[in-house]
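Colleague: just coords:
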């Protein structure tokens, strides 16, 4: 469990936390508030992320994801739900965000490591059992 630094980029901060704790496979959850954010939606036809800019303060209602290896490094796969001052929700793949305040819980998973390998069907890097 950790507080993340005000003004820092959230995806980089959680990735760094995983790397500093040598977590190669795990799950995480975060709550708090972001000053701004970018959310992605993966277009299944074009195989590209459509990016939505969120240029206002938002509550980080939920941020959850997993950690696995892509190459030699920990790779974060985060999704988030954000709420504005009227309680309207936006959600998607969390591309980036500037932290106002955020707390993160991270749990290392044991067992055969999951690694990300390129998948021709989806054009994504998906989990593959290392063995």
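Modeller: Nice, thanks for sending it over. Note that this is a predicted model, so its numbers are computed, not measured.
Colleague: what's the separation between residue 74 and residue 61?
Modeller: 25 Å (Cβ to Cβ, to the nearest Å). To be clear about C-beta, it is placed using only N, CA and C from the backbone, and glycine gets the same treatment.
Colleague: which of these two has more neighbours?
Modeller: residue 74 (22 against 16; other Cβ atoms under 10 Å).
Colleague: need the contact list for the more buried one.
Modeller: 15, 18-19, 23-24, 67-68 (Cβ atoms under 8 Å, 6 or more residues apart in numbering).
Colleague: any low-confidence regions in the chain?
Modeller: For the chain, the stretches with pLDDT under 70 are 129-131.
Colleague: tell me where it has strands.
Modeller: Listed in chain order, the strands of the chain (DSSP state E) span 2-4, 26-43, 48-54, 58-70, 73-83, 89-108, 114-119, 124-129.
Colleague: any buried residues in the fifth one, and which?
Modeller: In other words, strand 73-83. 74-78, 80-83 (16 or more other Cβ atoms under 10 Å).
Colleague: columns distance to residue 93 on top of the residues you listed, output as a markdown table?
Modeller: Shown next, in a markdown table, are these (distance: Cβ to Cβ, whole Å):
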| residue | distance to residue 93 |
| --- | --- |
| 74 | 17 |
| 75 | 13 |
| 76 | 11 |
| 77 | 8 |
| 78 | 7 |
| 80 | 8 |
| 81 | 12 |
| 82 | 12 |
| 83 | 17 |
